[in-house]
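With the input below, show me the fold.
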Amino acid sequence: MKNDLHVKLSVRLFTDEKCFGPGVAELLHRVDECHSLRAAAQSMEMAYSKAWMVIHRSEGALGFPLLNSSTGGKNGGGATLTGEARQMLEAYDAYSAALRRWASEKFEEYFAFFEEL
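Purely as a prediction, here's the structure:
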């Protein structure tokens, strides 16, 4: 039985250091759904401290905040994406999807022979 040959791309963006990639994007999507960094981290089976560090490092490298956060109290606190975060996430998702489409076409072009082996 022949193995299924396929390509899997992921996009990582850099300033002087890595600042945005699939992990940050997924975390931001989950925050947008859950309205909480803690809940987002939990849904990814990630420690809250790690999620906080991921966001903090990304914010430092990008130079703008990704989350608007409010602490506990009567309504329990929460987090929402900043406008910059939403713009970054939408651009990242669109760019990644375009690259995957292009890469899929090129993969079929260059590796078509594999089906004949």
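
Next one: the spatially most central residue of the chain from Leu13, what distance?
The centroid of the chain falls nearest to Ala25 when counting by CA atoms, centre = their mean (1.8 Å). The gap separating Ala25 from Leu13 is 10 Å, by CB to CB, to the nearest Å. Any C-beta I mention is one placed from the backbone N, CA and C, and that applies to glycine too.

Find residues that contact each of these two.
Residues touching both Ala25 and Leu13 (CB atoms under 8 Å, 6 or more residues apart in numbering) are Tyr92.

Run a quick check on Arg100 versus Leu9, I expect a contact.
Yes: counting by CB atoms under 8 Å, Arg100 does reach Leu9; the two are 5.9 Å apart.

before we move on, back to that, the residue nearest to the centre of the chain: what's its closest spatial neighbour, skipping adjacent residues?
Tyr92 (5.5 Å; CB to CB, 6 or more residues apart in numbering).

OK, contacts around that neighbour?
Applying CB under 8 Å, 6+ apart, we find Tyr92 in contact with Val11, Leu13, Phe20, Ala25.

of the residues you listed, closest to Met53?
The nearest member of those to Met53, counting by CB to CB, is Phe20 at 14.6 Å.

from what I can see that closest one touches Glu26, true?
No: Phe20 is beyond contact range of Glu26, at 11.3 Å (criterion: CB under 8 Å).

higher neighbour count, the two?
Neighbour totals were compared for Phe20 and Glu26, and Phe20 leads with 22 against 15 (other CB atoms under 10 Å).

buried ones in stretch 54-62?
Neighbour counts using 16 or more other CB atoms under 10 Å place Val54, Ile55, Ser58, Glu59, Ala61, Leu62 of stretch 54-62 among the buried residues.
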